[in-house]
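>>> Make a model of this:
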Amino acid sequence: MHPSTEPTTGTWRQLLSARYLGTATVLAGGVALYATNVYLTTSLLPTTIDQIGGQRYYAWTATVFLIASVISSMLVSNVLAARGPRGAYLIGLTIFALGTVVCALSPTMELLLVGRTIQGAGGGLLAGLGYAVINAALPQHLWTRGAALVSAMWGVGTFAGPAIGGIFAQFGAWRMAFGVLVVAALAVAALVPKALPVRTTETTEASPVPILSLTLLTTAALAVSAAGVMSNLTTTAVMVSAGVLLLVAFVAADRHAPHGVLPPSTFSASSLKWVYLTIVVLAVASTVETFIPLFGQRLAGLAPLAAGFLGAALALGWTLGEIPSASATAPHIVRRIVIGGPILVAAGLCTMGTFLTDRAGAGLVTLWVVGLIIAGVGIGIAWPHLAVGAMTSVTEPGEGARASAAINTVQLIANAFGAALAGVLVNLGESSTLRSAQLLLFTFAAVALVGVAAAARSQRT
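Model (predicted):
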């Protein structure tokens, strides 16, 4: 036998060669559409509600999108098993494009929410397929590069979303921004037939869908979202309480389900539950960025483009914190990093909250940016170590892959609840944008401090 001439890890030149460029574009493009859409929509919303109304439903645009994403992400393996990589991608892109068209044509916020729900269903599939199809569409020596390329698309979305959304919002043409996404989705779909195989060489098994768990989870998130549009404080409290009770019921149901949303080790004596809870706290805190462009426009008079990039400041800090932190390996240093993450998040949110004021000038806005970046750094430094912790905290052999995969699900769930809770807090101070912003930032800073205890527990061996 001759030794293989193929390198164990391929190069970027190989991945982006004529042979694999189409495949790489499809895998990266699907995730880029999802990520760009998140920040694009956030940038557009202040202008959108000025034209079609519906400010009380502001947070719902994120909540319904994320709930639909959670549900569809649980169906990725089933769609792959039934339709193969090519069919699965075409389904995801078609659903996403359809939802985006509905958003672009919506005359009311209610119809826009329908479009966002459809978008989320397609987006959840695309985000999951970006990783699930790598081993079928690329040779093994390019898997690492392919995964890195797909992951990098979140950074692309951080800048492309505010740029595209902000520019179109600047001219009041927010519908055309969604049109750009439709064109992009159709362009990616055109590459799919030649870039992806019809079937995988390995049999993809359909996973049982935890219907009861997902139903309880969805109802809980919707209950908290509904609380945000209630004008009566007592009714709001009742709806939030109902959401919490339904969340408790979800945990109980998932614990006893043979195929739940979360891996079984979550409910054992391992530290996995604390790892996930820390991720939940950080992900909930990150949802403040949904309202940052609105605060920027209302409190500082920022143009839509500038407000859009203000909203991306937290994501920028996340990236800046994650890159250097990933190289830390000493256990005592990792422990300090993970515990320090929620502390920095709280400090950053309090910094912005402290310097909020009406008619803020450039100096104060700069301090807002600093606060958001600090909060993002707090999330970023802890995140890679929490991901490793999830893989190493399992009690059953072979469960590491499932525990790692569940990180995305836990993040999406936390984002959905965070967006819903943010809507409740902002609407409680509805008569004053300043009061709404302070209520949101200081409450979420307190949530982050609660996460310090969970972070400490997650690092116990």
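
>>> average pLDDT for the strand or helix carrying Thr94?
Using DSSP states H and E, Thr94 sits in helix 76-105. The average pLDDT within helix 76-105 is 92.

>>> Moving along the chain from that helix, name the first helix or strand you hit.
Where DSSP H and E defines the elements, the next helix or strand beyond helix 76-105 is helix 109-132.

>>> Which strands and helices lie in contact with that next one?
Packing partners of helix 109-132 (3 or more C-beta pairs under 8 Å, 6 or more residues apart in numbering; DSSP states H and E): helix 21-52, helix 60-73, helix 76-105, helix 143-170, helix 400-428. C-beta coordinates here come from the backbone N, C-alpha and C atoms, glycine included.

>>> circling back to that earlier point, angle of the helix holding Thr94 against helix 21-52?
40 degrees (axes from the mean of the first three to the mean of the last three C-alpha atoms, to 10 degrees).

>>> List the buried residues of helix 76-105.
Judged by neighbour count (16 or more other C-beta atoms under 10 Å), helix 76-105 contains these buried residues: 76-80, 83-93, 95-104.

>>> quick one: contacts for Val280?
410, 413-414, 451 (C-beta atoms under 8 Å, 6 or more residues apart in numbering).

>>> Try it again at 10 Å.
Val280 sits next to 410-411, 413-415, 417-418, 447, 451, 454 when contact means C-beta atoms under 10 Å, 6 or more residues apart in numbering.

>>> Kindly reformat those as TSV containing distance to Ser265, neighbour count and pLDDT.
Converted to TSV, the contacts of Val280 look like this (distance: C-beta to C-beta, whole Å; neighbours: other C-beta atoms under 10 Å; pLDDT from 0 to 100):
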residue	distance to Ser265	neighbour count	pLDDT
Val410	13	22	84
Gln411	18	20	82
Ile413	17	28	85
Ala414	19	22	88
Asn415	23	25	86
Phe417	22	25	88
Gly418	24	28	90
Val447	25	20	94
Gly451	20	28	91
Ala454	16	22	91
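
>>> Just give me the closest of those residues to Thr218.
Thr218 lies nearest to Ile413 out of the contacts of Val280, by C-beta to C-beta, at 10.0 Å.

>>> Apart from its chain neighbours, what residue comes closest to the closest one?
Val70 (5.8 Å; C-beta to C-beta, 6 or more residues apart in numbering).

>>> same question, Phe250
Nearest residue to Phe250 in three dimensions, chain neighbours excluded: Leu216, at 4.0 Å (C-beta to C-beta, 6+ apart).

>>> Just the pLDDT for that neighbour.
According to the prediction, Leu216 has pLDDT 90.

>>> in terms of contact, does it touch Val251 like I think?
Yes. With contact defined as C-beta atoms under 10 Å, Leu216 reaches Val251; the gap is 8.9 Å.

>>> Those two - which one has more neighbours?
With neighbours defined as other C-beta atoms under 10 Å, Leu216 and Val251 compare such that Leu216 has more, 22 against 17.

>>> Relative to the whole chain's centre, how far out is stretch 366-373?
21 Å (C-alpha atoms, centre = their mean, to the nearest Å).
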